[in-house]
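Undergrad: generate coordinates for the sequence data below:
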Amino acid sequence: LKNYIDMKNVFNMVNDFVAGLGTVFMGIIPVAILWFILTGTSVLGFDVVANMTSLIDMLVNGGFIGLIVLVILASFFNK
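TA: Okay, here's the model as predicted:
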């Protein structure tokens, strides 16, 4: 029983860490877009606007599969 409780704590800590990391990245994206709009340069070598444009283009041209991927992506952001 003790091993179960310890492993549960480990999984909870990892889950909390990943959720916190996702929250940080979701906060960085708008700042990176604003930075690109104001300066015209990428942030840390990542061109967020071009990557988002490419992702949207892939989803639009993907047809039914693109729709399924869009629904899956939307489910990650809705709790």
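
Undergrad: only C-alpha atoms for contact and neighbour calcs from this point on.
TA: OK.

Undergrad: elements contacting the lengthiest helix in the chain?
TA: As assigned by DSSP state H, the longest helix anywhere in the chain is helix 2-39. Identification of packing neighbours for helix 2-39 by 3 or more CA pairs under 8 Å, 6 or more residues apart in numbering; DSSP states H and E yields helix 48-61.

Undergrad: can you list the buried residues in the helix it packs on?
TA: For helix 48-61, the neighbour count (16 or more other CA atoms under 10 Å) marks 48-49, 59 as buried.

Undergrad: same check on stretch 70-77?
TA: Within stretch 70-77, no residue counts as buried by 16+ other CA under 10 Å.

Undergrad: quick one: it to chain centroid distance?
TA: Relative to its chain's centre, stretch 70-77 lies at 10 Å (CA atoms, centre = their mean, to the nearest Å).

Undergrad: what does it rub up against?
TA: Under the criterion CA atoms under 8 Å, 6 or more residues apart in numbering, residues residue 59 lie in contact with stretch 70-77.

Undergrad: extract the CA atoms of that stretch and return them as PDB.
TA: Extracted as PDB, the C-alpha positions of stretch 70-77 are listed here (Å, rounded to 0.1, in the frame of the first residue of the first chain):
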ATOM      1  CA  LEU A  70      -8.700  20.400 -34.800                       C
ATOM      2  CA  VAL A  71     -11.300  18.900 -32.400                       C
ATOM      3  CA  ILE A  72      -8.600  16.900 -30.600                       C
ATOM      4  CA  LEU A  73      -6.400  20.100 -30.200                       C
ATOM      5  CA  ALA A  74      -9.500  22.000 -29.000                       C
ATOM      6  CA  SER A  75     -10.200  19.400 -26.400                       C
ATOM      7  CA  PHE A  76      -6.700  19.900 -24.900                       C
ATOM      8  CA  PHE A  77      -7.500  23.600 -24.200                       C
END
